[in-house]
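Novice: curious how this folds, go ahead:
(2 chains)
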Protein chains: 2
Amino acid sequence: MERCRLVFSGSGGQGVITAAIILAESAVIYEGLVAVQSQSYGPEARGGATRSDIIISESEIFFPKVTQPNVLVCLTQEAYNKFYTIPRPGGILITDSHYVETWKKVDSRQIELPLYQSVIKEIGKPIVLNIAMLGAVIKITHLVKPESIMKTLETRINPEFLSMNQTALELGMNLAEDYAMEWIGGH
Amino acid sequence: MERCRLVFSGSGGQGVITAAIILAESAVIYEGLVAVQSQSYGPEARGGATRSDIIISESEIFFPKVTQPNVLVCLTQEAYNKFYTIPRPGGILITDSHYVETWKKVDSRQIELPLYQSVIKEIGKPIVLNIAMLGAVIKITHLVKPESIMKTLETRINPEFLSMNQTALELGMNLAEDYAMEWIGGH
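Specialist: Numbering: from 1, shown residues only, chains lettered A, B, ... in the order given. Reported below is the predicted structural model:
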């Protein structure tokens, strides 16, 4: 990985911005990388397709906006319909199979994961869906180690919720196990 | 206001990123504006000077990074020492008088506010310092209405904490009352 560009998309309440910030902080503070994380809100934000951009790099980042991500995550149908075309060729499109019905062939690798269903079944609360999503993303991309995510969570959340978040992270990693890639990112 | 660029800086635990996201969402969802909000983490992030950038505009924003803000807020000495030079001439530099000792003349208007002390005295918990800071910022700049901030908070936090946040917002607004400006921002 020289540089990896990611877009997390979904609805406001799903915590995609929080997940993006946690990933960026983990990469910078515990893995010695550089990161930029941003939200761009236009009129469409009022419609409900929240989008959060992250660039993780080994070297300085001059332009923080992501146009063609290496990794796109869509947690709602609306986000998928709006963004499915944006991954760069050879990139990855991760969708949640409960919220999103994929309907387009794209020039990226499509990975549908039952994140929501597994979180509901194993944990019972949708609130950690974003952490399960992060688990899938780091399993597939190897961007940061799960320990780094957990250390970041330790500084941010109430200790009583740590084990639920750890379970969610592992759930996402397990669901994505078969999709782990050798390499993701580019120049 | 055609376009206003802000930088909120402090330490990780002070909630400057959260405050930036709340301001951006309030402007977009309840005031019909456009906003970009970003965090840029370099090696200095490991040192502890967190920085969060916001651009609020009436028209589309092409470059999301803030170089010379109209408004800079510093909630720690380290953040002040690092960023005090960046406001554009005619801009505003807001510091917390408990955390920051100002020591440089700059080409911007310096406003020192006892945000921390007031929050501790009136509320007893430093956790809403960032919301008091937001109250001061919106009082000085008129960027968004306090009702818009409260509506955003309603979608984000537990109802039992709403009144504490409302108190903090008003506290910040009252402290900044004498500094309200006619106009802030530029092209």
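Novice: report the buried residues of the helix ranked longest in chain A.
Specialist: Secondary structure of chain A read by DSSP state H shows that its longest helix is helix A:16-31. Neighbour-count burial for helix A:16-31, counted by 16 or more other CB atoms under 10 Å in any protein chain shown, picks out A:16-30. Where you see a C-beta, it was placed from the backbone N, CA and C, and this is true even at glycine.
Novice: can you check stretch A:55-63 too?
Specialist: A:55, A:56, A:57, A:61.
Novice: quick revisit: does chain B sit close to the longest helix of chain A?
Specialist: Yes. Residues of helix A:16-31 contacting chain B under CB under 8 Å from any CB of the partner chain: A:17, A:21, A:24, A:25, A:27, A:28, A:29.
Novice: which residues are in contact with the first one?
Specialist: Contacts of residue A:17 were listed using CB atoms under 8 Å, 6 or more residues apart in numbering or on different chains, and they are A:8, A:39, A:50, A:52, B:21.
Novice: thinking again about what came up before, just flag the most distant two among the buried residues of stretch A:55-63.
Specialist: For these, the farthest-apart pair by CB to CB is A:56 and A:61; their separation is 8.8 Å.
Novice: what touches both of these two?
Specialist: The contact sets of residue A:56 and residue A:61 overlap at A:3, A:34, A:35 (CB under 8 Å, 6+ apart).
Novice: tell me the secondary structure at residue A:98.
Specialist: The local conformation at residue A:98, judged by DSSP: H, G, I helix; E, B strand; the rest coil, is coil.
Novice: that one reaches residue A:118, doesn't it?
Specialist: No. Counting by CB atoms under 8 Å, residue A:98 does not reach residue A:118; the two are 9.5 Å apart.
Novice: in chain A, which spans are strands?
Specialist: A:3-10, A:34-41, A:50-57, A:71-74, A:92-96, A:109-113 (DSSP state E).
Novice: closest to residue B:90 out of these?
Specialist: Residue B:90 lies closest to strand A:34-41 among those, at 26.3 Å (CB to CB).
Novice: what's the angle from that closest one to strand A:3-10?
Specialist: Taking axes from the mean of the first three to the mean of the last three CA atoms, to 10 degrees, one finds that strand A:34-41 is oriented at 30 degrees with respect to strand A:3-10.
Novice: got the contact list for the residue of chain A found nearest chain B?
Specialist: Nearest residue of chain A to chain B: residue A:38, at 3.5 Å (CB to the nearest CB). Residues in contact with residue A:38 (CB under 8 Å, 6+ apart) are A:52, A:53, A:64, A:65, B:36, B:37, B:38, B:39, B:64.
Novice: beta partners for it?
Specialist: In this structure, residue A:38 bridges to residue A:53, residue B:38 when assessed by DSSP bridges.
Novice: how about the residues of chain A by chain B?
Specialist: A:12-13, A:17, A:21, A:24-25, A:27-29, A:34-43, A:45-46, A:60-61, A:63-65, A:155.
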